[in-house]
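Chemist: below is the structure, and that's it, no one-letter string:
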């Protein structure tokens, strides 16, 4: 027999063995549908049940199970179907066609088919013999020992403490230890090398989970492979195992032979040492066009080597004859004379004595691969993205030209250094961490870092990367996202600035103290723009000097004292004349303005300033400065101007309020003087004349009448004096609350000389109230004193004032007749006092009993000092007339409100804005001609101090965020009670907030993130090709992959490529998510 025949015989034997192992596989295989119907079964499985394959197809699988196991199997099968991809298993009894039974162990997994159906895969093993053995083992211990000793498997038993309790003779042989050496000993102490191995893990799992385990493992100390099956019990573990070394070696040989057979898919040619063909496989016929009969016996060079490659072929043969292997790419020739590139591996064949007897060559057509490589290289070179191959050693291996164009380095410079050296120092740790993840096999979906350009600048790169750990390589693509990053930073900065201005505007409405507002404004500017210094300068009356009124960062003692001249060649002087913010990037070098000693002392380099311009002219300047050189953006300047506008509005409001107070004070003084100088003097003169007439008259009846007139005039005098006192309250601005109380008590003493009126002031008392509230408190005390004088009949009245905890109290008590509060009449004046107490934001308590006097006590907390506006003009914008009229009716019934205009649409509301002054606008978001929030800006332009309150039928988070960002002071649901709307208006008018600062910040951040999301979405949509849009539309119409391919006349792989590209561009992970994205952005229509 020749060598070739022996080789062919060996191959046939291997194939037969391989086929035999497959055909005699003692496992049954089934596939089921979701209803448990048999879809397929292998021949062995059908034979084991006594059926033919055809009989079982379409057969309900539960019908082959024993009646007692059907319910458990059905339940387990349902659980498996509910969790596709999870492996389930059970043991059960089946009934053959002839009525006999067999026990089986089934391993089951439900999977999704390519078309979306659920298919159940079942691997079934006949365990009848083991079941019978287990039943026999339960009959008697003696029989168990007999069986265990008779079985060919090795066996030992362990108790719960891992001690050997039984070892059969086969186990002694395999473990190379006697049972006397092992019984009673701990298995892990006797075999310490097994600790931590699969034996240790699986035995513990079996015992703790009380589940049977099977595994195959190699035990190095004994140099054997063993098949193990361990059965747990509450008392320990029973272990069956067998030496599988020979079988394992046979399987490895069989695997090698199978791999060898797979090689025949390439052209396999064997020659003798002279190059004559002795073997030519089928694939070689297909590859080169020569049949086996034509090729055998001919020189291989004549068949496959062209004239141009003949010299190279001779060198290869010489190299092979020298005992070396040759592998590489080679242009080979077909029978028809055409050539193609092939990957060829040539090596010597040796006989059993180690002598070279021939040459074997394996060749593969790589024409398609070479073409693909050329196309890949072309795309690699032309790509605008930065494409590279990097090594896990930290160096670039290959880069495309986009790297050089983006970073400015040459290719050699980029390849010469570790790539992390080009990364921004702050990003290096994160970059190395990402490389470690790639080294472990993870992919990078998105990673951003900064790379240094040759000119020293940095660019932001967004990376996607896939590792090939076995090759030590990383394939990566990066995109320059610097412009996008800058845009995102600008958006976030604008959002922060808008948020800050909105909050400052709300604070300006709530903060009556202009100095406190200026301090907050300076801190806000410095914090928002991330600057060291901010100043608010007030223009003094001389018009040439500015005072540093508030500021941040300046040396101690400067704020409130430092001044600066407004010369035309100074920065502040120029700013006062400018109509827009003045920006100076370098005050030292390029500034045309004279040096400011204060700015120079603090090392200021860059800055900007803008005028705070009120109605009557400039109030002053807001300036922002930094030590570092900085280029301020137009958005930064707009932000500073917005802060200045808020301050200007606050200054104008304070000036207007002060002017109004002065007008009221002057008018009160005029009236008081007129009443004192004319009316009071006339009444006093008349009273004195009547008294003189009474004294001169001797007529008793006439005297009684005169006394009545005199009493009436005396009461008039008291009333006039009280009115004059009340009118002078606002005029006496220099008096303290205690001094005004003393005047009030003295007035009441004069009015009721028969009554003792006492004033008690707590030691060290100082009023924490505003002047306005002190006046209201005096009026409340005056009403209580009037009630005591008119109704109590008291001989002694006491007025007390002081501080109790965090509250101020004022109390009026008397020893008069008292009254029953439940039966008190409206004429006793309590309603007016309660109204004043409510206006002051405090509480009023009246205690009295008949015969025990009366005590009136008022208390108010220090911080409740916000006054509600006396009259608020309301604009209602709501398209439902009935609801709008209901709201209007409620406001008309409330004091302090006037509904000046009503509108049912945006257009109608805009026409009304200039007609009447508006303090509060209540706006529905969903108007027939647009989004109601758009009206807020127009409202503010027409009425700078106006407040907007928004109503919505659905408090959608996005709508709420958009409304707050537009400037709404609050958002209410339409379902709230109408009184709650009135209360909300009162609160925002009083300077309170309906939303906490945290809620406002969160909503503004959400609005900003929504804008960023919409921007990113538009960018993603712009990347979609027309073909990808057609694929999305087909998805919307319910077509699956094959249907889409047919409609668009493309292949299924091409359709999948389009879908993968769509998912990547839109940043989603499934077809459903892509469809939802497309519907949300109106990319597709559902028909």
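Modeler: Cool, the structure landed. Here the structure is a predicted model, which means the values were calculated and not measured. Numbers count the residues shown, from 1 in each chain.
Chemist: any low-confidence regions in the stretch 1-150 of the chain?
Modeler: Applying pLDDT under 70 to the stretch 1-150 of the chain flags the ranges 1-4, 7-8, 10-26, 136-150.
Chemist: which residue ranges of it form helices?
Modeler: 3-23, 43-48, 53-56, 70-82, 128-139, 141-150 (DSSP state H, counting those that start in this stretch).
Chemist: quick one, strands of the stretch 501-650 of the chain?
Modeler: Applying DSSP state E, counting those that start in this stretch to the stretch 501-650 of the chain gives strands spanning 533-539, 545-552, 563-565, 582-584, 606-614, 617-626.
Chemist: what's the longest one in contact with?
Modeler: Strand 617-626 is contacted from outside by 521, 525-526, 529, 531-539, 546, 549, 571-572, 575-576, 599, 602, 604-613, 640, 643-644, 647-648, 651, using CB atoms under 8 Å, 6 or more residues apart in numbering. Where you see a C-beta, it was placed from the backbone N, CA and C, and this is true even at glycine.
Chemist: give me the mean pLDDT for that strand.
Modeler: Taken as a whole, strand 617-626 has a mean pLDDT of 90.
Chemist: and for the second one?
Modeler: Over the span of strand 545-552, the pLDDT mean works out to 90.
Chemist: how big is the angle separating that strand from strand 617-626?
Modeler: If you take axes from the mean of the first three to the mean of the last three CA atoms, to 10 degrees, strand 545-552 sits at 50 degrees to strand 617-626.
Chemist: for strand 545-552, name the packing helices and strands.
Modeler: Helices and strands touching strand 545-552, by 3 or more CB pairs under 8 Å, 6 or more residues apart in numbering; DSSP states H and E, are helix 514-529, strand 533-539, strand 563-565, strand 617-626.
Chemist: between the ones you listed, which gets nearest to residue 179?
Modeler: When the helices and strands packed on strand 545-552 are compared by CB to CB, helix 514-529 sits nearest residue 179, at 82.5 Å.
Chemist: buried ones in that closest one, by neighbour count?
Modeler: By neighbour count on 16 or more other CB atoms under 10 Å, the buried set for helix 514-529 is 514, 517-522, 524-526, 528-529.
Chemist: what are the boundaries of the strands in the stretch 351-500 of the chain?
Modeler: 356-365, 386-391, 396-399, 444-452, 458-468, 473-480.
Chemist: same list (the ones you listed) but as JSON lines, adding mean pLDDT and distance to residue 304.
Modeler: Output for the strands of the stretch 351-500 of the chain, formatted as JSON lines (pLDDT from 0 to 100; distance: least, CB to CB, whole Å):
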{"stretch": "strand 356-365", "mean pLDDT": "86", "distance to residue 304": "8"}
{"stretch": "strand 386-391", "mean pLDDT": "92", "distance to residue 304": "33"}
{"stretch": "strand 396-399", "mean pLDDT": "92", "distance to residue 304": "33"}
{"stretch": "strand 444-452", "mean pLDDT": "92", "distance to residue 304": "45"}
{"stretch": "strand 458-468", "mean pLDDT": "93", "distance to residue 304": "33"}
{"stretch": "strand 473-480", "mean pLDDT": "92", "distance to residue 304": "33"}
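Chemist: closest one to residue 562 among those?
Modeler: When the strands of the stretch 351-500 of the chain are compared by CB to CB, strand 458-468 sits nearest residue 562, at 40.0 Å.
Chemist: and the contacts of the closest one?
Modeler: By CB under 8 Å, 6+ apart, the surrounding residues in contact with strand 458-468 are 386, 392, 406-407, 424, 434, 438-439, 441-453, 473-482, 484-485.
Chemist: next one: stretch 653-660
Modeler: Stretch 653-660 is contacted from outside by 514, 614, 616, 945, using CB under 8 Å, 6+ apart.
Chemist: go again with 10 Å.
Modeler: 508-509, 512-514, 517, 614-616, 619, 944-945 (CB atoms under 10 Å, 6 or more residues apart in numbering).
Chemist: ok, now stretch 62-81?
Modeler: Stretch 62-81 is contacted from outside by 30, 32, 34-38, 49-51, 56, 61, 86-97, 101-104, 106, 108-110, 118, 120-122, using CB under 10 Å, 6+ apart.
Chemist: list buried residues within the residues you listed.
Modeler: Members of these classed as buried by 16+ other CB under 10 Å are 30, 32, 36, 38, 49, 51, 56, 61, 88, 90-95, 102-104, 106, 108-110, 120-122.
Chemist: just the ones of these in strands?
Modeler: Among the buried ones among the contacts of stretch 62-81, the ones falling in strands (DSSP state E) are 30, 32, 38, 88, 90-95, 102-104, 106, 108-110, 120-122.
Chemist: and residue 48, how many neighbours?
Modeler: Using other CB atoms under 10 Å, the number of residues around residue 48 comes to 20.
Chemist: just checking, it touches residue 28?
Modeler: Yes: Residue 48 lies in contact with residue 28 (CB atoms under 10 Å); the separation is 5.7 Å.
Chemist: what sits in contact with each of these two?
Modeler: What both residue 48 and residue 28 touch, as defined by CB under 10 Å, 6+ apart, is the set 41-42, 94, 104, 124, 126.
Chemist: I'd like the residues you listed as JSON lines, with distance to residue 419 appended.
Modeler: Output for the shared contacts of residue 48 and residue 28, formatted as JSON lines (distance: CB to CB, whole Å):
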{"residue": "41", "distance to residue 419": "57"}
{"residue": "42", "distance to residue 419": "54"}
{"residue": "94", "distance to residue 419": "62"}
{"residue": "104", "distance to residue 419": "58"}
{"residue": "124", "distance to residue 419": "54"}
{"residue": "126", "distance to residue 419": "59"}
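Chemist: closest one of those to residue 1072?
Modeler: residue 41 (34.9 Å).
Chemist: which residues are in contact with the closest one?
Modeler: If you count contacts by CB under 10 Å, 6+ apart, residue 41 has them with 28-32, 47-49, 51-57, 59, 61, 122, 124.
Chemist: residue 430 versus the closest residue to residue 221 other than its chain neighbours, what's the distance?
Modeler: Leaving out its chain neighbours, the residue that sits closest to residue 221 by CB to CB, 6 or more residues apart in numbering is residue 193, at 5.0 Å. Residue 193 sits 43 Å away from residue 430, taking CB to CB, to the nearest Å as the criterion.
Chemist: ok, now residue 919?
Modeler: Using CB to CB, residue 919 is found at 53 Å from residue 430.
Chemist: who's more crowded, these two?
Modeler: Using other CB under 10 Å as the criterion, residue 919 and residue 430 rank with residue 919 on top: 19 against 14.
Chemist: of all the strands of the stretch 351-500 of the chain, which one is nearest residue 858?
Modeler: Among those, the nearest to residue 858 by CB to CB is strand 444-452 (63.5 Å).
Chemist: what's the burial count for the closest residue to residue 611 other than its chain neighbours?
Modeler: Counting by CB to CB, 6+ apart, residue 618 is the residue found nearest to residue 611 once chain neighbours are left out, at 5.0 Å. Counted by other CB under 10 Å, the residues lying close to residue 618 total 19.
Chemist: so this structure: which segments form each domain?
Modeler: With domains defined by automatic domain parsing, the chain comprises 26-126, 130-250, 277-367, 383-480, 487-661, 732-865, 872-994, 1024-1080.
Chemist: and residue 267, which of these is closest to it?
Modeler: Among the domains of the chain, domain 277-367 comes nearest to residue 267, with 3.9 Å by CB to CB.
Chemist: any idea how far apart the tips of the closest one sit?
Modeler: 25 Å (CA to CA, to the nearest Å).
Chemist: which residues are contacting stretch 303-319?
Modeler: Contacts for stretch 303-319 (CB under 10 Å, 6+ apart): 267, 269, 271, 273-275, 277, 280, 284, 287-290, 294-295, 299-301, 324-326, 328, 330-335, 337-339, 342, 344, 346, 359, 361, 363.
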